[in-house]
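Q: The amino acid sequence is not available; the structure is as follows:
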């Protein structure tokens with residue numbers, strides 16, 4: 001989508017609400033990329049590759065997406081380094097719904113008190 005045509009998150013959520021949908025789905029995907037030279041400090045205080053995802057054991061860009069209940073994406077974030085957990089990225093992007101609006105995250109993820117998952121997979 002061309003940047004000039006892309007809608008911001010608020011506009012996208014308003015359109016979904018105006019269409020009568022009662023919730024949206026928050027999910028993320030790690031897109032594969034080559035190793036980059038950017039580093040960061042881990043929670044253990046060690047220098048690590050910023051774009052390396054320990055969960056996926058690969059380098060990648062973390063993209064957050066908000067979707068309608070039928071799975072159609074209504075908004076996507078800019079690429080973020082792959083090392084933070086997807087819920088950390090959601091918090092950094094301030095993807096927290098109004099307390100009166102239900103929202104779902106993927107599978108076992110808990111982003112905050114207002115965002116939870118209907119399924120608990122172990």
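A: All right, it came through fine. The structure presented is a predicted model; accordingly, all values stated were derived computationally and were not measured. Numbering: from 1, shown residues only.
Q: Flag the shaky bits of the protein, pLDDT-wise.
A: 1-7, 86-87, 89, 94-122 (pLDDT under 70).
Q: What ranges does it have for its helices?
A: Along the chain, counting by DSSP state H, helices occupy 9-18, 86-92.
Q: Output these as CSV; include the columns mean neighbour count and distance to residue 76.
A: C-beta here means a position set from N, CA and C on the backbone, and glycine is covered the same way. Compiled in CSV, these are given as follows (neighbours: other Cβ atoms under 10 Å; distance: least, Cβ to Cβ, whole Å):
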stretch, mean neighbour count, distance to residue 76
helix 9-18, 14, 10
helix 86-92, 18, 12
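Q: Which among those is found nearest to residue 40?
A: Closest of these to residue 40 is helix 86-92, at 12.0 Å (criterion: Cβ to Cβ).
Q: Figure out which of the helices of the chain is closest to residue 58.
A: helix 86-92 (14.7 Å).
Q: Next, please give the residue ranges for the strands of the protein.
A: Using DSSP state E, the strands of the chain run over residues 24-32, 39-41, 47-49, 52-53, 58-67, 73-76, 80-81, 103-105.
Q: Same list, those strands, but as CSV with distance to residue 11 and mean neighbour count please.
A: Listed next are the strands of the chain as CSV, based on distance: least, Cβ to Cβ, whole Å; neighbours: other Cβ atoms under 10 Å:
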stretch, distance to residue 11, mean neighbour count
strand 24-32, 13, 17
strand 39-41, 32, 13
strand 47-49, 35, 14
strand 52-53, 30, 19
strand 58-67, 12, 19
strand 73-76, 9, 18
strand 80-81, 21, 20
strand 103-105, 17, 20
